[in-house]
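**Student:** I'll drop the sequence and a predicted model, then ask my questions.
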Amino acid sequence: MSEALDTDKLEREVKSMYQEVAESSDAEFHFETGRDLAVRLGYDPDDLDYVPDVAIDSFAGVGYYFDVAELESGADVLDLGSGSGMDAFVAGLHVTETGAVTGIDMTTEQVEKANDLATDNGFHNVTFREGYIEELPFEDASFDAVISNGVLNLSAEKRTVFEEANRVLKPGGQLALSDIVSEQRMPESIKSDADLWAACIGGAEQIGSYTRLIEAAGFSVTETRENTQYEFLSDRAANACGKYGVKSVTVGAIK
């Protein structure tokens, strides 16, 4: 993390942006949202048919990782930065009624909306809690799998996030995520810009450093692949992609 980064401003920027995503999914963002994006990334349309449309409309993920996670019936799953709840609902389908999925997100509007959708659509095995992914409110070894989509790049404390994910996983538990990384190290002017962090650019860690942070937290990385189907929409983000190799990847790891 850049020492010049204003983390309080970053939190305000991220909360503001994703509050708008929760309340106005048809607004224009630097990233794509919705069902067309989800299908292009690899989500099974048959799964999406069971997910509330409102959650899909606000989906702002950057990749598909459920083939890496291979969630089993009865599993307990934690979704870091659950947002609209779409990934948690898909996970809820995979673990069936014998399993449970918990989503955690720091944006009040996203949590309230996702809990209402779970109740209204009969997802009795899916719940959402407000909180920070850097300080998970769960006991050690509580989950069989931790998932996340397009969120960890927004954290200024990625090392802590991976350590917390490892702490709450049972031995042999799976970490499966999609996130934004870069091929080149970006200059301090970008790394210290809270606006560019909130836009999923400034916080993009170099891919080698990203996987080393995961391994340092106690995981063995089993898979890393690029999600070429994902594209940023804004010119500013597209320029960063071209200049610094900012891109989406899916990573799988085992505790």
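**Tutor:** Perfect, thanks for sending it.

**Student:** Poorly predicted segments of the stretch 1-150 of the chain, please.
**Tutor:** 1-6, 10, 14, 17-19, 21-29 (pLDDT under 70).

**Student:** Now with 90, please.
**Tutor:** For the stretch 1-150 of the chain, the stretches flagged by pLDDT under 90 are 1-33, 58, 60, 70, 83-84, 107-110.

**Student:** quick one, strands of it?
**Tutor:** 76-80, 100-105, 126-130, 143-149 (DSSP state E, counting those that start in this stretch).

**Student:** Next, format those as CSV and append distance to residue 155 and mean neighbour count.
**Tutor:** Placement of C-beta: from N, CA and C, glycine included. Below are the strands of the stretch 1-150 of the chain laid out as CSV (distance: least, C-beta to C-beta, whole Å; neighbours: other C-beta atoms under 10 Å):
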stretch, distance to residue 155, mean neighbour count
strand 76-80, 9, 26
strand 100-105, 12, 25
strand 126-130, 16, 20
strand 143-149, 10, 25
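
**Student:** Dump those strands into JSON lines; add distance to residue 114 as well.
**Tutor:** Formatted as JSON lines, the strands of the stretch 1-150 of the chain follow (distance: least, C-beta to C-beta, whole Å):
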{"stretch": "strand 76-80", "distance to residue 114": "10"}
{"stretch": "strand 100-105", "distance to residue 114": "6"}
{"stretch": "strand 126-130", "distance to residue 114": "4"}
{"stretch": "strand 143-149", "distance to residue 114": "14"}
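
**Student:** quick one: which of these is nearest residue 117?
**Tutor:** strand 126-130 (8.9 Å; C-beta to C-beta).

**Student:** what are the pairing partners of the closest one, and which direction each?
**Tutor:** Partners of strand 126-130 in the sheet, by DSSP bridges, are strand 100-105 (parallel).

**Student:** any idea how far residue 64 lies from residue 42?
**Tutor:** Residue 64 is 3 Å from residue 42, where distance means C-beta to C-beta, to the nearest Å.

**Student:** Neighbour count for those two, which is higher?
**Tutor:** Using other C-beta atoms under 10 Å as the criterion, residue 64 and residue 42 rank with residue 64 on top: 23 against 15.

**Student:** Show me what the top strand by length along the chain is packed against.
**Tutor:** Counting residues, the longest strand found in the chain (DSSP state E) is strand 169-182. Strand 169-182 is packed against helix 66-69, strand 143-149, helix 158-168, strand 205-206, helix 207-216, strand 247-254, with contacts defined by 3 or more C-beta pairs under 8 Å, 6 or more residues apart in numbering; DSSP states H and E.

**Student:** Among these, show me which one is buried the most.
**Tutor:** Highest mean neighbour count of the helices and strands packed on strand 169-182: strand 143-149, a mean of 25 (counted as mean count of other C-beta atoms under 10 Å).
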